[in-house]
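Peer 1: sequence isn't available, so here's the structure alone:
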């Protein structure tokens, strides 16, 4: 990943972090705050591929760690895994379509919440996520789908990510 993409990713992360912590951050759906950063990680992984998705997940996870109560590094571990899994769609034998991308993004975002819950359980930490796991997964499924449908094409156009010469296995968004 080039330095210009990393700078764009950091600026993108700051933008979504500010949105999450601003007035939009007070948005509560079924008692759960939507996580814009994990949805952005999934969208970046879909656009750029596995390695870039993992790097994006790590960077955005560090940003998420800066304003959560979980131990530092847990979100970056989970986000990096989710970004890598979202980028795996480039090598999967799935048909290229917007519907497949939305389904994969929703599954990865919802799976990220489940993975975060599992890591917190392994660490022996009890959070609010225990009582609202189903609601949190449903909210993140929705956020992942919305980001893949609306935000990912906008990210690609505005930031010109995914514009380089791509191997034939990469998906065109």
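Peer 2: Structure's in. What do you need? The structure presented is a predicted model; accordingly, all values stated were derived computationally and were not measured.
Peer 1: figure out how far the lowest-mean-pLDDT helix or strand in the chain is from the centre of its chain.
Peer 2: Using mean pLDDT, DSSP states H and E, the weakest-scoring helix or strand in the chain turns out to be helix 152-159, at a mean of 78. A distance of 15 Å separates the centroid of the chain from that of helix 152-159, by Cα atoms, centre = their mean, to the nearest Å.
Peer 1: point out where the protein drops to low pLDDT.
Peer 2: 1, 23-25, 93, 128, 159-173 (pLDDT under 70).
Peer 1: and the contacts of the longest helix seen in the chain?
Peer 2: As assigned by DSSP state H, the longest helix anywhere in the chain is helix 98-122. Helix 98-122 is contacted from outside by 35, 38-39, 41-43, 45-46, 70, 74-75, 77-79, 81-82, 85-86, 89, 94, 126-127, 129-130, 133, 136-138, 140-145, 147-149, 152, 171, 173, using Cβ atoms under 8 Å, 6 or more residues apart in numbering. In short, each C-beta sits where N, CA and C put it, glycine included.
Peer 1: now do the strands for the protein: every range, in order, please.
Peer 2: With DSSP state E as the criterion, the chain has no strands.
Peer 1: re earlier: from the contacts of helix 98-122, list the buried ones, please.
Peer 2: 35, 38-39, 41-43, 45-46, 70, 74-75, 77-79, 81-82, 85-86, 89, 129, 136-138, 140-145, 147-149, 152, 171, 173 (16 or more other Cβ atoms under 10 Å).
Peer 1: inside helices: which ones of these?
Peer 2: Among the buried ones among the contacts of helix 98-122, the ones falling in helices (DSSP H) are 38-39, 41-43, 45-46, 74-75, 77-79, 81-82, 85-86, 136-138, 140-145, 152.
Peer 1: what's residue 13 in contact with, if anything?
Peer 2: 37, 40, 59, 60, 63.
Peer 1: residues touching the spatially closest residue to residue 69 that is not a sequence neighbour, list them.
Peer 2: The shortest distance from residue 69 to any non-neighbouring residue, by Cβ to Cβ, 6 or more residues apart in numbering, is to residue 127 (7.3 Å). When contacts are counted by Cβ under 8 Å, 6+ apart, residue 127 touches 69, 70, 120.
Peer 1: and which of those residues is nearest residue 51?
Peer 2: For those, the closest approach to residue 51 (Cβ to Cβ) belongs to residue 70, at 25.1 Å.
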